[in-house]
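1. just need the structure, nothing else, for what follows:
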Amino acid sequence: MNLKPVGRTLLRDQAYRAIKDAIVAGTLAPGQLVKDRELAEQLGFSRAPVRDALSRLADEGLVESKPQSHTRVTPLILRDVHDALVVVRAMHEVAARAPVPSLTAPDIAGMRPAKDEFADAVHAGDVERALRSDDALHDVLVAACDNRAVAATIDRYTPLIRRLERQQFATFPGQRSVVRHEELIEACVAGDAETAAAITSTIWSSLEPRKE
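-> As a prediction, this is how the structure comes out:
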């Protein structure tokens, strides 16, 4: 595993973000054992902020610790992914419904480049770019919603979904999402909050993990 060193300001937050990103990206794989000493060495600072970061990530369900034994990245459990998806979908529905009637032209203009970037990434099979641009599109509505609880809940539970998305990208319904993004923007332009919320629900429902 290779984590990039980070600066020394706000070390706890930086350690948290770096380790969380590595887990979500799969650099730290599901089930992988992690040691605070090794992580601290790779990130370039002491063990204290790493321990704090691991504690926060344990609260969020991304790592788990067995006292006097080990700490590991939480394995992918479909029930947990499903539960997180239900919550994230509901929050994105709120974020789509609440601000749509009062969205500004700059708000909608901000969604279009993300939509185009997502389409290009899906056609190129670039999972990282697709996920970034998908976030950018939906983040416009989350920001316009201006509800801190909604934004915090999305930030809290989305990583549990993202790990599975990366693994299943070959079967990810990206082409349908490209069309749905077009429809979502059209609903926003029309000021149709209910349609925007329904389309958003459909987008997130398409990520429902398949049972083997």
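2. phi and psi next, for the residue of the chain positioned farthest from its centre.
-> Distance from the C-alpha centroid of the chain peaks at Gln68, with 31.5 Å (CA atoms, centre = their mean). Backbone geometry at Gln68, expressed as degrees, to the nearest 10, gives phi 60, psi 20.
3. list the contacts for Gly61?
-> 74, 80, 160 (CB atoms under 8 Å, 6 or more residues apart in numbering). In short, each C-beta sits where N, CA and C put it, glycine included.
4. how is it assigned, secondary-structure-wise?
-> Secondary structure for Gly61, judged by DSSP: H, G, I helix; E, B strand; the rest coil, is coil.
5. poorly predicted segments of the chain, please.
-> Applying pLDDT under 70 to the chain flags the ranges 1-9, 167-175, 209-212.
6. okay, helices next: where are they in it?
-> Here the chain has its helices, by DSSP state H, at 11-25, 36-43, 47-59, 78-97, 105-124, 127-145, 148-167, 174-190, 193-205.
7. okay, the ones you listed in TSV with mean neighbour count next?
-> Output for those, formatted as TSV (neighbours: other CB atoms under 10 Å):
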stretch	mean neighbour count
helix 11-25	19
helix 36-43	17
helix 47-59	18
helix 78-97	19
helix 105-124	16
helix 127-145	19
helix 148-167	17
helix 174-190	17
helix 193-205	19
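8. and the gap between the residue farthest from the centre of the chain and Ala18?
-> Using CB to CB, to the nearest Å, Gln68 is found at 26 Å from Ala18.
9. and if you look at Glu194?
-> 40 Å.
10. how about Gly110?
-> For Gly110, the distance to Ala18 - CB to CB - is 28 Å.
11. swap in Asp155?
-> Counting by CB to CB, the gap from Asp155 to Ala18 is 16 Å.
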